[in-house]
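Peer 1: I need the structure of the sequence given here:
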Amino acid sequence: MKALILAAGYATRLYPLTKRFPKPLLEVEGRPIIDYIIDKLRPIPLIDEIIVVTNSKFISYFKKWAKRLKLGKRLTLVDDLTKTIEGSLGAIGDMNFAINKMRIKDDLLVVGGDNLFDSELKSFLSFALQKKNSPLIGAYDIKSRLQAKKYGVIKLDRFNRIVDFQEKPDKPKSTLAATCIYYFPKAKLKLIKEYLASRENKRDATGFYINWLTKRSAVYGFVFEGSWYDIGDYKFYNLAKEKFTKINKKEHNLPLA
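Peer 2: Coordinates of the predicted model:
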């Protein structure tokens with residue numbers, strides 16, 4: 001199994017902070033966001049390689065980061081050859097680029113490089129392997145339909161199969177927000193290329209691909225416990241820094257102030 005971290009975005013909503021610096025390398029509690037993702041991937045025996053797809057503008061930062069990383073697994077950086085937001089491939093385009101560039105023919109675990117979460121991935125992958133050739137989407141119950149309007153929202157049946165997907169809906173049908181944590185069995189990787197073959201399909205938000213995918217394959221959802229921060233703008237970045245700091249200090253019995 002391969003793991004792919006999406007880190008090629010230009011994060012315009014965090015300008016000027018990310019105008020000359022990649023969002024996944026922004027720090028929370030003194031460490032880059034991507035380090036916490038690596039912590040989740042490192043102990044999984046099934047994963048034999050971690051691939052980070054970034055862009056020409058920021059790859060030098062990731063090379064410096066990779067030099068000091070002690071991983072214990074093979075780490076590969078992939079440059080998607082873009083330099084501007086106008087030329088970006090989008091998240092789905094970057095998945096396709098990395099799959100083709102690395103000639104990936106294994107099962108694939110995909111994690112967005114701006115996801116900060118405290119749940120382990122072991123149960124997620126165990127559930128995925130039970131479903132064999134079906135894609136699996138990670139989700140969090142944010143317990144608020146008002147807040148759900150900001151996310152891709154999934155609805156599950158009693159078997160945890162996705163029966164409805166809405167991208168930033170006005171009237172959410174559930175409070176389950178889809179995260180950028182995906183499992184794609186190798187038999188379904190070709191569908192990404194099929195999706196991109198139509199110029200009408202959007203290449204950026206992965207939710208559009210998931211919605212398209214549910215009409216062509218059984219797609220399941222896995223609801224994570226714990227905390228999740230989708231670091232898309234200053235508000236959520238500052239919230240993550242504040243809350244994550246408190247969680248860490250509480251776990252280590254340190255004073256909060």
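Peer 1: Look at Ile44 and say how many residues are nearby.
Peer 2: 18 (other Cβ atoms under 10 Å). From N, CA and C alone the C-beta is placed, and that goes for glycine too.
Peer 1: What of the one 4 residues further on?
Peer 2: Per other Cβ under 10 Å, the neighbour tally for Asp48 reads 12.
Peer 1: could you pull out the helices for the protein?
Peer 2: 33-41, 59-67, 90-101, 122-130, 145-148, 190-196, 206-214, 234-251 (DSSP state H).
Peer 1: Relative to Ala11, which of the ones you listed is closest?
Peer 2: With Cβ to Cβ, the closest approach to Ala11 among the helices of the chain belongs to helix 234-251: 9.8 Å.
Peer 1: what stretches of the stretch 151-257 of the chain score poorly on pLDDT?
Peer 2: Low-confidence segments of the stretch 151-257 of the chain, defined by pLDDT under 70: 201, 244-257.
Peer 1: quick one on the thing from earlier: now tabulate the helices of the chain in JSON lines and tack on mean neighbour count and distance to Tyr15.
Peer 2: Below are the helices of the chain laid out as JSON lines (neighbours: other Cβ atoms under 10 Å; distance: least, Cβ to Cβ, whole Å):
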{"stretch": "helix 33-41", "mean neighbour count": "19", "distance to Tyr15": "17"}
{"stretch": "helix 59-67", "mean neighbour count": "15", "distance to Tyr15": "16"}
{"stretch": "helix 90-101", "mean neighbour count": "21", "distance to Tyr15": "19"}
{"stretch": "helix 122-130", "mean neighbour count": "15", "distance to Tyr15": "33"}
{"stretch": "helix 145-148", "mean neighbour count": "14", "distance to Tyr15": "24"}
{"stretch": "helix 190-196", "mean neighbour count": "15", "distance to Tyr15": "28"}
{"stretch": "helix 206-214", "mean neighbour count": "21", "distance to Tyr15": "22"}
{"stretch": "helix 234-251", "mean neighbour count": "14", "distance to Tyr15": "10"}
